[in-house]
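sharing a model that was predicted from the sequence below.
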Amino acid sequence: MTTERNDPLVFARETRADGLTILRQPAPPGSAGFAATYVAPAGWAFDPAGREGLSVMTSLLAPSAAGRRGRVALARELDRLGGSIERHCAPESAEVAVSGPASELEPLLGLLADVVLRPRFEADDLERVRRQIFERQLRESTQPGHRAERELLRAVFPKGHPYRASGLGERRTVARIRRKDIETFHEATAASDGGFLVLTTSRSLREVQRLADRLFSGFPTEHPVGFPRTEALRAPVRGARTVPMAGRTQTEIRLGGAAPPRSDPRFPSLFLANEVLGGRSMLNRLFQHVRERRGLAYHASSDLEAMRWGGYWTAQAGTGPERAAEVVRLMTVEVREIGTVPIPSAELDRTRESSIGEIPLSLETAADAHELAVDAAYHGLSDHYWKEWPPLLRATTAAAIREAAGPVYDLAHSTTVVAGPNA
Amino acid sequence: MVRTAGRTPSAKRFRLANGLQVVLAARADSPTTSVWVWYRVGSKNEWPGVTGASHWVEHMLFQGSPKFAKGAIDRAIVEVGGTLNAFTDTDFTAYFSTVPKEQLSIPLAIEADRMTRALLTDREVERERTVIHSEREGDENWPEFRVDEELYQLGFRHHPYRWEPLGRKEDIRALTPEALRKYYRHFYGPKNAVLVVSGGFDSPEVERTVRSSFGRLPAVGADPHVREVEPEPNGERRSTLRGPGTTPLVAIGWRSPAIHDAETPAAIVLDVLLGGETRLFSSGASWGRGGEHPSSRLYRALVDPALAVRAASEYRPRVHPSLFTITAQAAPGVGLDRLESAIRTQVERLAKTGPTREELFEVRTKVRRGAELAYEGASRTGFRLGYFSMLGPVAFESALLRRILAVDRSAARREAVRLFRPGRAVVVHYEPTGGNDDHGA
């Protein structure tokens, strides 16, 4: 029987004296695994000037040598325990996550603590990661999809805005980064104050707290730099960019603009607007109109990135160069409509119920369910947020969506990028 | 239902009179149910002129059947919060939906309807042609796709593994709707399929539904027999591709054993030793988790000393002998010949001395532990039960796991000697022509 104590949609949390917030999510029924994530305010918004790429580099180094283990020894220990460590860096934050069999929670959590609190940043690892970042920078420039995304963000956000960049920095800034820079950055950002430890496990909150107290103590005492408050700025005027990329076979199209942060009360409306426009279901308008009805592209979709300080929306498609102009036209029509015409009730009902129905699918594994908990921790959502989400969506009207979407999906303040052959 | 980590979940298995194999794996505590239909048809069953047909049929099975008009399949699943998709491989094609468990009747009705009666109208086939063309063009933007396609073209002169499941561009342009319908009618049907239902449901009730909805279907669907046998290569084959981008690649392939061959477990061990994992036994979705493996031989030999930015081996055993591949991306300033030579040194070393005792212990641990969470969740369970049902009897998966864990040093070395013997490799170099880099290099 599901009660609040074992419902993976109900969380329990506590903030320790050192400022670390611990959130516990019950593992889904029958799950043999667990997942844990440490989230720190350590994204590329905090990169010092002239050292752009530092946060990504620090994040990529996370699962290298740590504690008493070198990189290879750490990898072997993970294999021995059946676990894996993943890391993710974003403009505002950096995450390190561990997952594996529930029976190995303690030793795997110990490895996560080593990675978070005792990274060694060895010279060999640093150079290897530097080479990998150089390679990713090149891909970002030369792959049509990556390039189009990058050009879009550069058009939407002004210089200096953290959402404008991909976090990879430039070759010269990454080349300049030294071990000392990384150590200093880690000292300042691997914080307990403002940090979160999220666990998806069948163990109780008390057990989780005990484990966390034992393993995650001794955070750097220096206070982190704190969150800069950066206003999300809209692109001042409608823009269009083309990036010719000879020799490529497919043209990538991106259309987008700035959006409000996750905490904005309009978020549920904008979430539904994005779902209708090009969200996860195959019934979305872009997929239906560009692919299913006209056969113009293999992929056509949209995203809404709602972060702490702001966000942005994108619509994207990939098509043959000879069809690119027509696809841009269709995408533009759909974006205009989502911001100006109320969504018909049948379509809205379907989208709402689809989004609500997806929740059980998010609970198939501990790792899947964990994403909901990390989201709740980072954005300060309530312990019952995912229980409250269905009624919130059902209460969101077509009029509210249009009112919210109008100023966001505003073509006068958006940019179109076309990257590919004959662009 | 008893479910033990690392073991194939218990399931009820039966066969209908029309030949459909059914696997029902119920779990009372699962909030979702996943329905998978696997067909024993993939690009291996195609021939020149109809390459890409299996993949095209995969697209068409979402485009209308008598009870589900175009768009109705997506709508029926999505409206209840479910997810659906399909994929085409060389050996199989699989269709799946995962829905909240109360909605199980919907995917069952869809699969029963489209198993033999998909419409494949001229209009929809033509409309899908540009979509598939676009899918292929999108893949061609990636040097890795081009290299992989070239590698298999070089590696096979007769066997259908020589083309990608996406098919050749020329065939995508020329294949007629009638030819596609003929292909569908020949290969698709209960005789050639496995239905897997996994997750939360009442087994007796679902068995009754399956018997009534699928049991009515005609006993059609050819069990495809591929006649082409690829002769052993009589010399090394090489190719150099040049194209846009900044990704210099080396890929080497060696003829690898088929899934039922005696050498397969040892070849899997070599894959784990060199590349760090076998995707057959891992906790990731579908084919496994991918990613970096700093303790693997290739990583330590190529990435650590700055010869490569990344390096991976891949051996996914198929129904017929295929390729064991190693792919690496050269680090800046490292020539492709030098990188190729470094890769060859590694496989020669493995053939000469085999794995160490410690390495073999690590491989076994990794495979054993990887299998532990492989069946977590209804979707993953449906995938794995279907995949292994395509390959053999119920005990095939656990027998394969046992055989992998039993591979000793000498067996691993013997397989390395056999697999990597000189003069049999196919080699592709990708030389990027650059362009569009504005990253301040």
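Good, I have the coordinates.

make it CA atoms for all contacts and neighbour counts henceforth
Will do.

excluding its backbone neighbours, what's nearest the residue nearest the centre of chain A?
Closest residue to the average C-alpha location of chain A: A:Ala90 at 6.4 Å, with CA atoms, centre = their mean. Excluding its sequence neighbours, the residue lying closest to A:Ala90 (CA to CA, 6 or more residues apart in numbering or on different chains) is A:Gly43, at 5.2 Å.

who touches the longest helix belonging to chain A?
Longest helix in chain A, counting residues (DSSP state H): helix A:123-142. Outside helix A:123-142, the residues that touch it by CA atoms under 8 Å, 6 or more residues apart in numbering or on different chains are A:57, A:60-61, A:64-65, A:146-147, A:150, A:168-171, A:174-175, A:179, A:245, B:245-247, B:303-304, B:306, B:309, B:331, B:434-439.

buried residues, the lowest-mean-pLDDT helix or strand in chain B. List them.
The weakest-scoring helix or strand in chain B, judged by mean pLDDT, DSSP states H and E, is helix B:357-372 (a mean of 91). The neighbour-count check on helix B:357-372 (16 or more other CA atoms under 10 Å in any protein chain shown) flags B:359-360, B:362-372 as buried.

what about it, near chain A?
Yes - using CA under 8 Å from any CA of the partner chain, we find that helix B:357-372 touches chain A at B:Glu362, B:Thr365, B:Lys366, B:Arg369, B:Gly370, B:Glu372.

which of those residues sits closest to B:Thr209?
B:Glu372 (31.9 Å; CA to CA).

hang on, isn't that closest one packed against A:Pro101?
Yes - counting by CA atoms under 8 Å, B:Glu372 does reach A:Pro101; the two are 7.4 Å apart.

give me the common contacts of the two.
A:Gly82.

got a list of what the residue nearest to the centre of chain A touches?
Residues in contact with A:Ala90 (CA under 8 Å, 6+ apart) are A:Gly43, A:Trp44, A:Gly167.

for the second one, give its distance to chain B.
It refers to A:Trp44. 17 Å (CA to the nearest CA, to the nearest Å).

quick one on the thing from earlier: now the residue nearest to the centre of chain A: phi and psi?
For A:Ala90, the backbone dihedrals (degrees, to the nearest 10) come out as phi -130, psi 180.

how close does it sit to chain B?
Applying CA to the nearest CA to A:Ala90 and chain B gives a distance of 19 Å.

neighbours of residue 258, how many?
Here I'm looking at chain A. For A:Ala258, the neighbour count with other CA atoms under 10 Å in any protein chain shown is 28.

I was thinking of chain B, sorry if that wasn't clear
Using other CA under 10 Å: B:Ala258 sits among 17 other residues.

could you do B:Arg338 as well?
By other CA under 10 Å, 12 other residues sit near B:Arg338.

give the other helices and strands that the strand or helix carrying B:Ser398 contacts.
If you go by DSSP states H and E, B:Ser398 is part of helix B:396-405. Counting contacts by 3 or more CA pairs under 8 Å, 6 or more residues apart in numbering or on different chains; DSSP states H and E, helix B:396-405 is packed against helix B:264-275, helix B:357-372.

report the angle between the last one and helix B:264-275.
On the basis of axes from the mean of the first three to the mean of the last three CA atoms, to 10 degrees, helix B:357-372 is oriented at 100 degrees to helix B:264-275.

alpha carbons of helix B:357-372, as PDB, please.
Written as PDB, here are the backbone C-alpha positions of helix B:357-372 (Å, rounded to 0.1, in the frame of the first residue of the first chain):
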ATOM      1  CA  ARG B 357      44.100 -12.800 -13.800                       C
ATOM      2  CA  GLU B 358      43.100  -9.400 -12.200                       C
ATOM      3  CA  GLU B 359      41.600  -8.100 -15.400                       C
ATOM      4  CA  LEU B 360      39.500 -11.200 -15.900                       C
ATOM      5  CA  PHE B 361      38.300 -10.900 -12.300                       C
ATOM      6  CA  GLU B 362      37.300  -7.300 -13.000                       C
ATOM      7  CA  VAL B 363      35.500  -8.300 -16.200                       C
ATOM      8  CA  ARG B 364      33.500 -10.900 -14.500                       C
ATOM      9  CA  THR B 365      32.600  -8.500 -11.700                       C
ATOM     10  CA  LYS B 366      31.500  -5.900 -14.200                       C
ATOM     11  CA  VAL B 367      29.400  -8.200 -16.200                       C
ATOM     12  CA  ARG B 368      27.800  -9.800 -13.100                       C
ATOM     13  CA  ARG B 369      27.000  -6.400 -11.500                       C
ATOM     14  CA  GLY B 370      25.900  -4.900 -14.800                       C
ATOM     15  CA  ALA B 371      23.200  -7.600 -15.000                       C
ATOM     16  CA  GLU B 372      21.800  -6.800 -11.600                       C
END
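
and A:Gly320, how far is that from A:Leu153?
Distance of A:Gly320 to A:Leu153, computed by CA to CA, to the nearest Å: 23 Å.

just the strands from the stretch 51-200 of chain A, written as ranges.
With strands called from DSSP state E, counting those that start in this stretch, the stretch 51-200 of chain A shows them at A:84-89, A:94-101, A:196-201.

what are the ranges of the strands in the stretch 151-300 of chain B?
Assigned strands in the stretch 151-300 of chain B, in chain order: B:193-199, B:237-243, B:249-256 (criterion: DSSP E, counting those that start in this stretch).

ranking these by burial, who's on top?
strand B:193-199 (a mean of 29; mean count of other CA atoms under 10 Å in any protein chain shown).

so where's chain A uncertain?
Where chain A drops to pLDDT under 70, the residues are A:1-2, A:4, A:221-237, A:423.

where does the stretch 151-300 of chain B get nearest to chain A, which residue?
Closest approach between the stretch 151-300 of chain B and chain A, counting by CA to the nearest CA: B:Ser295, at 4.9 Å.

could you do chain B as well?
For chain B, CA to the nearest CA, closest residue to chain A: B:Gly81, 3.7 Å.

helix, strand, or coil at that residue?
What DSSP: H, G, I helix; E, B strand; the rest coil gives for B:Gly81 is coil.
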